[in-house]
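Visitor: sequence and predicted model, in that order:
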Amino acid sequence: MEKKAIIIKAIEYMKDHLDEEITTEELSKYVGYSPYHFVRIFKEVTGVSPRHYLSALRIEAGKKILADSSSSILKASLSVGYRSMGTFSSLFKQYVGLPPKQYQNSIQDLYGFLNAYDFQETDRAFQPPLPSVVCHLEPPEKFNGIIFVGLFPRPIPDERPVAGTALKPGETTCAFYHVPDGTYYALAAAIAWSLNPKDYFLLNRALRGKAERPVAVKQGSQSVVRIKLREPLPYDPPILINLPRLLFEKVKGANKKKNDSDFFDKVKENNT
DNA sequence: ATCACCATTTAATTCATCCG
DNA sequence: CGGATGAATTAAATGGTGAT
């Protein structure tokens, strides 16, 4: 428990000095350990390295700026602590799933899509062929909202999942069918039903869920995982992935016969 | 068990460059 | 011009090892 307090202290420092240059050596000195040991216990508690966590915080801050202002990418990059736009841009793409400008441009459209999304039709209709992974969600008693679930390569959702979906309020089970071989972490984020568009993109208040153990997928294997949702903890890394977009892409895939037109091409046209 | 140090591997950062 | 990417530098994570 003491260990966690140390890490939280370091994370607080990061948050307070986001726009400055922060080295991990500096951080380790701040909490009184050697860099070597500091990095170890940091990863033990948060699941990622300090640098990775710091980048996540910066990208999160950048997302916020881009979501509620029409700031240029350069200005956003500088104000979250990077000295060049390139770093921000490439990390943003890696973490969120699309480059910063595209993200900024697509927020309104994705929000519209999400509101129009018909949960009834999409997931329930067909009989499943050989499921690869089945997830049982356990939200808190009186939770009412939308739950995103995905299979991620890392223990935190900082890059695109190999599979993902969303559950309408009330549903607690989902399945993924064509999952490529590999070992994944089943992670979930739950957002209380809201009318504010930004709540779907800035997820610092979202409930979190993680399956106890990673799930190994091999040819034709079947697994069942249980994910319990809980309030965010102070050392939880931020959730950066663009969840509504993943849902959109899933739907696009399901309707590929008729709807060939690409959503993001439309977005592009609307903004040029 | 907890921590520090070294050598090596791996990831982040910059700057230059390309694209639209 | 603003924004996105790639190659070369530089910082940091990791595994092994040994001290307290």
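Guide: The structure has been received and is ready for your questions.

Visitor: what about the nearest residue to A:Pro234 once chain neighbours are set aside, which SS state?
Guide: Counting by CB to CB, 6 or more residues apart in numbering, A:Ile8 is the residue found nearest to A:Pro234 once chain neighbours are left out, at 5.1 Å. In short, each C-beta sits where N, CA and C put it, glycine included. Here A:Ile8 is recorded as helix under DSSP: H, G, I helix; E, B strand; the rest coil.

Visitor: just give me the neighbour total for A:Ile8.
Guide: Neighbour count of A:Ile8, defined by other CB atoms under 10 Å: 16.

Visitor: just the pLDDT for it.
Guide: You'll see A:Ile8 listed with a pLDDT of 93.

Visitor: repeat that for A:Thr122.
Guide: Confidence score, pLDDT, at A:Thr122: 52.

Visitor: check A:Pro128 too.
Guide: Per-residue confidence at A:Pro128 stands at 55 (pLDDT).

Visitor: got the contact list for A:Ile239?
Guide: Residues near A:Ile239 by CB atoms under 8 Å, 6 or more residues apart in numbering: A:157, A:189, A:203-204, A:206, A:208.

Visitor: strands of chain A, residue ranges please.
Guide: A:133-138, A:145-152, A:163-167, A:173-176, A:182-192, A:207-210, A:215-217, A:223-230 (DSSP state E).

Visitor: could you check how far the shortest one is from the centre of its chain?
Guide: Which is strand A:215-217. The chain centre lies 20 Å from the centre of strand A:215-217; the measure is CA atoms, centre = their mean, to the nearest Å.

Visitor: which strand residues bridge A:Phe176?
Guide: With DSSP bridges as the criterion, A:Phe176 is bridged to A:Val133.

Visitor: of all the strands of chain A, which one is nearest DNA strand C?
Guide: strand A:182-192 (15.0 Å; CB to the nearest atom of the strand).

Visitor: can you check what angle separates that closest one from strand A:163-167?
Guide: Orientation check (axes from the mean of the first three to the mean of the last three CA atoms, to 10 degrees): strand A:182-192 against strand A:163-167 gives 20 degrees.

Visitor: by contact count, what packs against strand A:182-192?
Guide: Applying 3 or more CB pairs under 8 Å, 6 or more residues apart in numbering; DSSP states H and E, we find strand A:182-192 packed against strand A:133-138, strand A:145-152, strand A:207-210, strand A:215-217, strand A:223-230.

Visitor: which other helices and strands contact the second one?
Guide: When you say that, I think you mean strand A:145-152. Checking 3+ CB pairs under 8 Å, 6+ apart, strand A:145-152 ends up next to strand A:133-138, strand A:163-167, strand A:182-192, helix A:243-254.

Visitor: now do the third one: everything it contacts.
Guide: In other words, strand A:182-192. A:133, A:135, A:137, A:139, A:143-157, A:161-162, A:199-200, A:203, A:206-211, A:214-217, A:225, A:227, A:229, A:239, A:243.

Visitor: then the shortest one?
Guide: The set of residues external to strand A:163-167 that reach it, using CB under 8 Å, 6+ apart, is A:117, A:119, A:123, A:133, A:137, A:146-151, A:173-174, A:176, A:178-179, A:243, A:246-247, A:250.

Visitor: and if we set it to 6 Å?
Guide: Strand A:163-167 has contacts (CB atoms under 6 Å, 6 or more residues apart in numbering) with A:146-151, A:174, A:176, A:179, A:246-247.

Visitor: and what of stretch A:60-80?
Guide: A:18, A:58, A:85, A:88, A:100-101, A:104, A:107, A:198, A:201-202, A:238.

Visitor: mean confidence for stretch A:98-109?
Guide: Stretch A:98-109 comes out at a mean pLDDT of 90.

Visitor: flag every buried residue along it.
Guide: Buried residues in stretch A:98-109, defined by neighbour count with 16 or more other CB atoms under 10 Å: A:98, A:100, A:102-107, A:109.

Visitor: show the contacting residues for A:Ser89.
Guide: Contact partners of A:Ser89, counting by CB under 6 Å, 6+ apart, are A:Pro100.

Visitor: on that earlier part again, just the helices and strands packed on strand A:182-192: most buried one?
Guide: Most buried of these, by mean neighbour count (mean count of other CB atoms under 10 Å): strand A:145-152, with a mean of 23.
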